[in-house]
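Q: quick check, what structure comes out for this input:
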Amino acid sequence: MRPTAVTKRGDWLQVLEKPSSIGAWLLSTEDASSNKIQYHLNLLLDLISPKGQIISELKEAGYTVSISCYALTEHENVEGHIDSATIRRIADLDCNFWFDVYFDYTEFDEDQSESLIENASVD
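A: So this is what the prediction gives:
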């Protein structure tokens, strides 16, 4: 299996405008047909679940193994539901899991972007 991207400790992270504090081996789903996190998570789990033994060996060697989902969307609604079967698949790999969802404001002018940011922060 080939990674989509690799980051080494110290590599410059343009998005964060600072060097990376960790190394990372990354897989990505490019399928834009769904904005459901569970859909993309299952695509990734289909790839890595058969590698469970390798994941265990990496952990035994002292590596941290995490499943991290990052979604960049142009839509305001991204479904964050993850069912129990998917949670079990993650638990079977004994990995940490986290996800972030970001809204892509590049298609909006400055006034629209500020309005969306303000509306997103209202409780």
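Q: going forward, measure contacts and count neighbours with C-alpha atoms only.
A: OK.
Q: residue closest to the middle of this protein?
A: For the chain, Cys69 is the residue whose C-alpha lies nearest the centre (CA atoms, centre = their mean; 1.7 Å).
Q: quick check, that one in a strand?
A: Yes. Under DSSP: H, G, I helix; E, B strand; the rest coil, Cys69 sits within a strand.
Q: isn't it right up against Leu41?
A: Yes. Applying CA atoms under 8 Å, one finds Cys69 in contact with Leu41, separated by 7.3 Å.
Q: mean confidence for stretch 95-105?
A: For stretch 95-105, the mean pLDDT works out to 78.
Q: with stretch 6-20 instead?
A: Stretch 6-20 comes out at a mean pLDDT of 84.
Q: mind listing what's buried along it?
A: Of the residues in stretch 6-20, Ser20 count as buried by neighbour count, 16 or more other CA atoms under 10 Å.
Q: so who does the residue nearest to the centre of the chain touch?
A: Applying CA atoms under 8 Å, 6 or more residues apart in numbering to Cys69 gives the contacts Ile37, Leu41, Trp98, Phe99, Asp100.
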